[in-house]
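# Below: sequence and its predicted model.
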Amino acid sequence: MNRVVITGIGVVSPVGCTLEEFWPALVEGRSAIGTFSIARGERLKTRVAAQVSKFDPAELFEPKQLGLIDRFSQFAVVAARAAVRDSGLDISEQMALEAATVIGSACGGQTTLDDSYFKLYSENSPRLHPLTIPRLIANAAASQISMDLGLKGPAFCVATACASGTHAIGLAFHMLRSGRAPFALAGGAEACLTAGTIKAWEALHVLSQDTCRPFSRTRSGLVLGEGAAVLLLEERAHALARGARVYAEVLGFGMGADAGDITTADPNGAARAMRAALKDARKNTDDVDYVNAHGTGTTQNDRSETAALRDVFGSNAKRIPVSSSKGVLGHGLGAAGAFEMAATALALHRQTIPPTANFEEVDPDCDLDVVPNIARQAEVNVAMSNSFAFGGLNAVLLASRA
Amino acid sequence: MEAIAEGVRQIICSELKIPLERLTPDTALQDIGVTSLDLIFIIFALEEKFNISIPYNANEVAAAGERVTSKVGLEKLETIAQISAAVKGLMDAKAPK
């Protein structure tokens, strides 16, 4: 079995489109949540989101390319280019033939869909743009990356709602570990801030109207985000031979289904996925120094995740620092797991635990060390990243210091 | 007001698939086993029927064991009578003065 490391990270995030903006914002707990601007937003009750600003597609794409590509794919391609640049990998023709591209997205080209349906139903337009379908298909991000970078190996989309990015990275990791690909671009992309999507989220009555406060008794719900994160996963011997900077080694991946309820999470399902990741990595609970939580800031998630962590880690659950990145980044749905694995890799690389931002008060039902508001310098050798999706689909990654 | 109360009763019984006779004005949602998801469906059906918007945030449901409807942002919504009164309040607030 090959060992697999992370040698490149690219982000298009609500706190900025470079790692120099992304990591300090996470460490300082600087939240990107605020007012946002979208087409037909006046129809919404929701006034806050974590929107990607400072992103000008016209500067990043050829005019001809722009017409073909939805906002979520734009995010993915820009993050993928950044990951390759960051890794310093020179992609040979031979490597490109086998390179994998695995990109998660919960809902694909929502901007295209919303604009098209508005035109069709509200403006009574008799026709839609010829490229409506190529723009909105859920695999468009993976396809656009493969085309942009000339990657010809296995390429596909993973759609597991809020766990998509984590599943994508996990599956790419397993492919590299078994020698199916020399390197992979894996992550998640989402551009779900459309009037239709947010309206649908409003119907679930779980959106916050102020900000996201994971694990805090004063929580008011989740805040939607958007963006993309793409990791360059590389076979370790290859990375070391070329003298690459290694952020972290991916050790294990666990997944499973609750087989229970479409919306209510089952702590047993989350616990099984964590145990599966530990087993895949051949690590024990004692080895884990940090957990990047799913931590959406909904009552249900925070309590269920706490119960699962208590179940898996037993008396150690209170000792292990657990933080959520969603107070800073919002919930990027299919991109969330990828953002959070990027944060986990950076925590291992910088030996710094990013805090849970916006924390106000302890929730007695979430009695974990949630690293409230202030980052911590700490020895972090092994870290876990959790994602639990609607539909009861759970994915957990385990990584170690390089 | 009676029409509203009857509408509320019908919606709740239809969502929960229980006979109308089971609900009196004093029946509490808690007592008929309403789950958080049932409540979302009931709120949606009430909003559709009465053309109102009910400001409910599932995360403001406080500690475990507390009533699912104890913090709705406007007033107590525990019994059928209270829900009917809240619906009427929201309709009145919308109506032109």
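Structure's in. What do you need?
# can we go C-alpha only for contacts and neighbour counts from here?
Will do.
# Chain B contacts on the stretch 101-250 of chain A?
A:203, A:204, A:205, A:206, A:207, A:208, A:219, A:220, A:221 (CA under 8 Å from any CA of the partner chain).
# close enough to count as contact, the second one and residue B:40?
Yes: in this structure, residue A:204 is within contact of residue B:40 by CA atoms under 8 Å, at 6.8 Å.
# re earlier: out of the residues of the stretch 101-250 of chain A next to chain B, which end up buried?
Those of these that meet the buried threshold are A:204, A:205, A:206, A:207, A:208, A:219, A:220, A:221, by 16 or more other CA atoms under 10 Å in any protein chain shown.
# tell me which element the residue nearest to residue A:317 when sequence neighbours are not counted is part of?
Take residue A:317 and drop its neighbours on the chain: the residue closest to it by CA to CA, 6 or more residues apart in numbering or on different chains is residue A:310, 5.3 Å away. Element membership of residue A:310, judged by DSSP states H and E, is helix A:299-313.
# Give the other helices and strands that the helix or strand that that helix is followed by contacts.
Following helix A:299-313 in sequence order, the next helix or strand is strand A:322-323 (DSSP H and E). For strand A:322-323, the packing partners by 3 or more CA pairs under 8 Å, 6 or more residues apart in numbering or on different chains; DSSP states H and E come out as strand A:290-292.
# where exactly do the helices run in the stretch 251-400 of chain A?
Remark: helices assigned in the stretch 251-400 of chain A by DSSP state H, counting those that start in this stretch are A:267-281, A:299-313, A:326-329, A:336-350.
# Can you show me the CA trace of the last one as PDB?
Output in PDB follows, covering the C-alpha atoms of helix A:336-350 (Å, rounded to 0.1, in the frame of the first residue of the first chain):
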ATOM      1  CA  ALA A 336     -17.400  22.300   3.800                       C
ATOM      2  CA  GLY A 337     -15.600  19.000   4.300                       C
ATOM      3  CA  ALA A 338     -12.800  20.100   1.900                       C
ATOM      4  CA  PHE A 339     -12.400  23.500   3.700                       C
ATOM      5  CA  GLU A 340     -12.200  21.600   6.900                       C
ATOM      6  CA  MET A 341      -9.700  19.000   5.700                       C
ATOM      7  CA  ALA A 342      -7.600  21.900   4.500                       C
ATOM      8  CA  ALA A 343      -7.900  23.500   7.900                       C
ATOM      9  CA  THR A 344      -7.000  20.200   9.600                       C
ATOM     10  CA  ALA A 345      -3.900  19.700   7.300                       C
ATOM     11  CA  LEU A 346      -2.800  23.300   8.100                       C
ATOM     12  CA  ALA A 347      -3.300  22.700  11.900                       C
ATOM     13  CA  LEU A 348      -1.000  19.700  11.600                       C
ATOM     14  CA  HIS A 349       1.500  21.600   9.500                       C
ATOM     15  CA  ARG A 350       1.500  24.800  11.700                       C
END
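# Now do that helix: everything it contacts.
Helix A:336-350 is contacted by residues A:6, A:9, A:11, A:23, A:26, A:162-166, A:169, A:187-188, A:228-231, A:247-248, A:292, A:294, A:325, A:352-354, A:380-387, A:397, A:399-402 when judged by CA atoms under 8 Å, 6 or more residues apart in numbering or on different chains.
# So of the residues of the stretch 101-250 of chain A next to chain B, which two are at opposite extremes in space?
Farthest apart among these by CA to CA are A:203 and A:219. That separation is 18.6 Å.
# out of the buried ones among the residues of the stretch 101-250 of chain A next to chain B, which one sits closest to residue A:128?
Out of those, the member with the shortest distance to residue A:128 (by CA to CA) is residue A:204, at 30.1 Å.
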